[in-house]
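In: structure for the following, please:
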Amino acid sequence: GNLTLNAGATGITQTGDILIGTGTADLTGGAITLTAANVLGAVTVQAGTGNVSLTENDAISVAALTHVGTLALNAGANAITQTGAISVGTGATDLTGGAITLTAANVLGAVTVQAGTGNVSLTENDVISIASYTHTGNLTLNAGANDIGQTIPFELGTGTLTLTGSNITLADANNTFGAL
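Out: Down below sits the predicted model:
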């Protein structure tokens, strides 16, 4: 089935697991914190202000997300994918998962990719700023005509690094890249 939660500008939290399966979750609220072992289906987060933290005991599929604040997506070792764009405004994005494929016209802010294994592909309709990266697998960053930069060293481990952008600055001496 489908789940719609509309708290207006008020936060959404949980005390137990939410198990939707193959349905959809449509969330509207201020801060949204759903960090149990959830299975949310295709997730849409409507426009709002506040941090959004979603944890699933399954792959995370983002149908659309437009929210101002920090976004945390935690799929454990499962995949994170999308069918619609993600926009966090001036916030930041923290990703934990296996294969991570976010290739729509996203605005992700400063991106952190936590330790995991699988290929990661990120596309932004904005500057790509890597805050932290400790993932094993291939990494593809596509900023289109925008810049790619970093705020701290990052570790690619094994894998190939593919970059598309205007000005690309990954100059920290402590970076660890696989094949370029």
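
In: quick one: residues in contact with stretch 160-177.
Out: With contact meaning CB atoms under 8 Å, 6 or more residues apart in numbering, stretch 160-177 is reached by 128, 130, 138-150, 152-157, 178-180. Heads up, the C-betas are built off the backbone N, CA and C, glycines and all.

In: and the buried ones among these, selectable in PyMOL?
Out: Of the contacts of stretch 160-177, the buried ones can be selected in PyMOL as follows, counting by 16 or more other CB atoms under 10 Å:
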select buried, resi 128+130+138+139+140+141+142+143+146+148+149+150+154+156
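
In: my read: Thr101 touches Ile86, true?
Out: No - using CB atoms under 8 Å as the test, Thr101 is too far from Ile86 to be in contact (12.0 Å).

In: that older thread, just the contacts of stretch 160-177: which are in helices?
Out: Members of those lying in helices (criterion: DSSP state H): none.

In: more neighbours: Thr101 and Ile86, which one.
Out: Taking neighbours as other CB atoms under 10 Å, Thr101 and Ile86 compare with Ile86 leading, 22 against 17.

In: dump the residue contacts of the more buried one.
Out: 62, 64-66, 71, 93, 102, 104, 106-108.

In: where does pLDDT dip in this protein?
Out: Across the chain, the ranges flagged by pLDDT under 70 are 179-180.

In: apply 90 and report the result again.
Out: Within the chain, the stretches with pLDDT under 90 are 21-22, 89-90, 115, 134-136, 152-159, 175-180.

In: can you pull the contacts of Gly137?
Out: So Gly137 contacts 99, 117-120, 157-159 (CB under 8 Å, 6+ apart).
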